[in-house]
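A.B. asks: got a predicted model here, sequence first, then my questions.
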Amino acid sequence: MEPALSIITKCGGAPIVAKWTGADVTRVRRWTYPKSRGGTGGLIPAKWQADLLAKARAAGVKLTPADFFRRPAEAA
């Protein structure tokens, strides 16, 4: 689910995102699951966003705060 799937892919995959954030890889994968399956509905929780942005920037990944929000067409 978006935008989590795009962010995780852009960063190089769930294992890398887990390493960067300190979150378990299973938790990172759940960000891409719908809420009905125990996920976050495609949203990356705010507590992980700043770390993820900083690590992505340090690794040369072009990730911006805007990437964490659904675009209007995706929210519908």
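C.D. replies: Received, thanks.

A.B. asks: got a list of what the residue lying closest to residue 69 once chain neighbours are set aside touches?
C.D. replies: Using C-beta to C-beta, 6 or more residues apart in numbering and skipping residues adjacent in sequence, the residue nearest residue 69 is residue 3, 6.8 Å away. Just so you know, the C-beta spots here come from the backbone N, C-alpha and C atoms, and that holds for glycine as well. Residue 3 makes contacts with 42-44, 67-70, 74, as judged by C-beta atoms under 8 Å, 6 or more residues apart in numbering.

A.B. asks: what strand or helix carries residue 50?
C.D. replies: Per DSSP states H and E: residue 50 is located in helix 46-58.

A.B. asks: do the same with residue 43
C.D. replies: Using DSSP H and E, residue 43 falls outside every helix and strand.

A.B. asks: correct me if wrong: it contacts residue 6.
C.D. replies: No - between residue 43 and residue 6 there is no contact under C-beta atoms under 8 Å: 12.0 Å.

A.B. asks: more neighbours: which of those two?
C.D. replies: Taking other C-beta atoms under 10 Å, residue 43 and residue 6 do not tie; residue 43 has more neighbours (18 against 14).

A.B. asks: not counting sequence-adjacent ones, nearest residue to that one?
C.D. replies: residue 4 (6.4 Å).

A.B. asks: could you report the pLDDT at that neighbour?
C.D. replies: Confidence at residue 4, expressed as pLDDT, is 97.

A.B. asks: neighbours of it, how many?
C.D. replies: Quick note: residue 4 (other C-beta under 10 Å) scores 25 neighbours.

A.B. asks: over to residue 16?
C.D. replies: If you count neighbours by other C-beta under 10 Å, residue 16 ends up with 17.
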